[in-house]
Each structure stands twice: as C-alpha cells, then as structure tokens.
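J.: Got a sequence here, can you model it:
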Amino acid sequence: MQLYLKLLVLIFVSTHCFAATTVKYFKCTTDRGIVFSQFPCSANATQHTITTSDPKASAPSEQHYKTLNNLERNQIAKRTKRALRAKHHEKAVLNRKRDTAVREQQDKLTKLMNEDRRKKVVRLVKKEIKAINKAHAKAIKNLEKEISKLEKQLKEYE
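T.: Residues are numbered from 1 along each chain as shown. The predicted structure follows:
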C-alpha cells in the first residue's frame, strides 16, 4: 500500500514538473498572404496551439506570430523568385522558338527557283514572318505583364 502511494505521489510530482505549456495563436488567410496573430484577424481565422514540454524550457513571453509572419513572408518571396525565374526561362524559350521559325522561313528563300515563283515565295515568307513576329509579340507582352506583376509582389515581400 505504501509503495502504491509513493508511486502515485511520484507520478503526480513528475507530471506536475514536466507539465506542458501551451501558447495559442490564430492563422488568417488574406489577399496579401497568410498572417499569424495573437487575436483573430478575420472571419476565416483558425486557432492553433504551440506546446512546449521541455521542463527546463518555458514558453517565450512574446507570441510566435512575428516569427511565423516572417517565415511565411520568406516562403512567399522564395516562391515568387522561383516563378519569376520560370517566366524569364519561358521568355527565352519563346525567343528561341521564334528565331527557329523565322530561320526556317528564310531558308525557303535560299532554294533555286524561277523569278515568278521566287516573288510568290518572298511574299509568303514575309507574310509568315510577320505572323510569327505578331504572335511572338503578343506572347511576350503577356509574359512581361506576368513578370512585372511578380516583381511587384516580390518587392512587397522583401
């Protein structure tokens, strides 16, 4: 009986010493990204808890929302940099495709042919090159818009 009582007291004391400390924070999704806060910041806020169970470590006096906000901001900046690099790569690929298509059209002019046929081919080649350049300009314009949007977003988060 005494052994049982001693074990019970020992368990109670040990669990009391190693009690977990919990800190609660809210995670809100906004149009500018994810915000971590000590208080609910929007209608779709979700509550999360951080638990520390190390007996020697105590929960810090300040909330973790500042650290979490910085981490989220860094992740968004990295993601935006990757997307920006991908868009620049896509632009380079489009330029290469256009150059290849123009070169193929110009190669048609190097073949031997009579004068009438040559005039028709020159007209067709000019028309094709104009169409290729027009499509390329449209695609590049859209890419430039996306790149400028990503650069603005990157400036916001850095």
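
J.: What helix or strand is residue 47 located in?
T.: According to DSSP states H and E, residue 47 maps onto strand 46-52.

J.: What strands line up against that strand, and which way round?
T.: Partner strands for strand 46-52, per DSSP bridges, with pairing direction: strand 21-30 (antiparallel).

J.: got the buried residues for the partner strand?
T.: In terms of neighbour count (16 or more other Cβ atoms under 10 Å), strand 21-30 has its buried residues at 23, 25-28. For every residue, glycine as well, the C-beta is placed using N, CA and C.

J.: how about residue 47, what does it touch?
T.: Applying Cβ atoms under 8 Å, 6 or more residues apart in numbering, we find residue 47 in contact with 24-27, 40.

J.: ditto for residue 83
T.: Applying Cβ under 8 Å, 6+ apart to residue 83 gives the contacts residue 150.

J.: how much space between it and residue 32?
T.: Remark: distance between residue 83 and residue 32 (Cβ to Cβ, to the nearest Å) = 16 Å.

J.: going on from whichever strand or helix holds residue 96, what's the next piece of helix or strand?
T.: Assigned by DSSP H and E, residue 96 belongs to helix 65-107. Remark: after helix 65-107, the chain's next helix or strand is helix 115-157, criterion DSSP H and E.

J.: Around residue 131, how many other residues sit close by?
T.: 12 (other Cβ atoms under 10 Å).

J.: Same check on the one 5 residues further on?
T.: By other Cβ under 10 Å, the residues close to residue 136 number 17.

J.: For it, give me its contacts.
T.: Counted by Cβ under 8 Å, 6+ apart, residue 136 has contacts 94-95, 98.

J.: pLDDT weak spots in the chain?
T.: The model of the chain has pLDDT under 70 over residues 1-21, 52, 54-55, 57-63.

J.: Please parse the chain into its domains.
T.: 18-63, 73-157 (automatic domain parsing).

J.: Who are the contact partners of the closest residue to residue 87 other than its chain neighbours?
T.: Closest residue in space to residue 87, ignoring its immediate chain neighbours: residue 147 at 5.0 Å, by Cβ to Cβ, 6 or more residues apart in numbering. Counting by Cβ under 8 Å, 6+ apart, residue 147 touches 84, 87-88, 91.
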